[in-house]
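>>> predicted model follows, preceded by the sequence.
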Amino acid sequence: MREEFKKIIYEGLRKAKTRELDIYTFALCHDHESHVATVCIDTVESSLRAVMSSNKFSNERFMRAVDDGDIESAASWNAISGRSLMVGDFALVNASEVDVPRKPKNPEFYQEMVKAIEEMRDLIKLQSSHGCNLMFCCSTETSEVGLVWS
C-alpha cells in the first residue's frame with residue numbers, strides 16, 4: 001500500500017500547491033466506513049479558526065459544569081491549547097484518495113502510512129514555511145488521528 005499512499009500524497013500536494021496553501025499540518029487518514037485513505041492538509045490560519053471556534057463552544061459547557069460543581073464533567077470540556085487535529089475542519093479535506101481493504105492488516109497498514117509520509121517528507125516540507133512546527137499525522141485502527149509527529 002505504501003506506493004499507493006505516496007501517489008495520493010503527491011496528488012494532494014499538487015492540489016495544495018495550486019491553492020497556494022502553506023502546509024501547517026499534513027494528514028493521511030483512513031476512513032474506516034468508506035474504506036478509503038485520504039490526504040488532508042491544514043494551514044495555520046484554518047487551524048487557529050477551528051481552535052477558537054471549538055474553545056468558544058467548549059468554554060460555555062466548561063463554565064456550566066463548574067457552576068454546577070461537576071468538576072469531572074468540566075474536565076471533559078478543557079480548551080484546546082494548540083493546533084486543531086479535526087481533519088474535517090482542515091483547509092483542504094480529502095484532497096486525494098485511494099481505496100483500501102475493508103479490513104487492513106494491523107499494525108502494518110498504519111506503519112505503511114507513516115513510512116509513506118516519511119518518504120515524502122521533503123516534498124511536503126517544500127510547501128511549508130513552518131519548519132519544525134510542521135506536523136504530520138495519520139490514522140490508527142481506533143482513531144482518525146491516532147499518530148502525530150513532527
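In hand now; what should we look at?

>>> next structured bit after the lengthiest helix in the chain?
For the chain, the longest helix by residue count, based on DSSP state H, is helix 44-67. Using DSSP states H and E, the helix or strand that follows helix 44-67 in sequence is helix 71-75.

>>> got the buried residues for that next one?
Under the neighbour-count criterion of 16 or more other Cβ atoms under 10 Å, helix 71-75 has residue 74 buried. Every C-beta, even on glycine, is put in place using the N, C-alpha and C of the backbone.

>>> can you list the neighbours in contact with it?
62, 65-66 (Cβ atoms under 8 Å, 6 or more residues apart in numbering).

>>> pLDDT of it, averaged?
Averaged over helix 71-75, pLDDT sits at 95.

>>> please export the C-alpha coordinates of whatever helix or strand comes next after it as CSV.
For helix 71-75, the succeeding helix or strand toward the C-terminus, using DSSP H and E, is strand 92-99. Written as CSV, here are the backbone C-alpha positions of strand 92-99 (Å, rounded to 0.1, in the frame of the first residue of the first chain):
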residue,chain,number,x,y,z
LEU,A,92,-8.1,21.0,2.3
VAL,A,93,-10.1,17.9,3.1
ASN,A,94,-10.0,14.7,1.0
ALA,A,95,-7.5,16.3,-1.5
SER,A,96,-6.9,12.8,-2.9
GLU,A,97,-7.9,9.3,-2.0
VAL,A,98,-7.3,5.6,-2.7
ASP,A,99,-9.5,2.6,-2.0
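
>>> list the contacts of strand 92-99.
Here strand 92-99 makes contact (Cβ under 8 Å, 6+ apart) with 4-5, 7-9, 11-12, 15-16, 19, 21, 35-42, 87.

>>> just the ones of those residues in strands?
Cross-referencing the contacts of strand 92-99 against strands under DSSP state E gives 36-42.

>>> quick check, nearest of the residues you listed to residue 106?
Nearest to residue 106 among the ones in strands among the contacts of strand 92-99 is residue 37, at 14.0 Å by Cβ to Cβ.

>>> ok, that closest one - contacts?
Applying Cβ under 8 Å, 6+ apart, we find residue 37 in contact with 1, 4-5, 8, 28-31, 97-98, 100, 113, 139.
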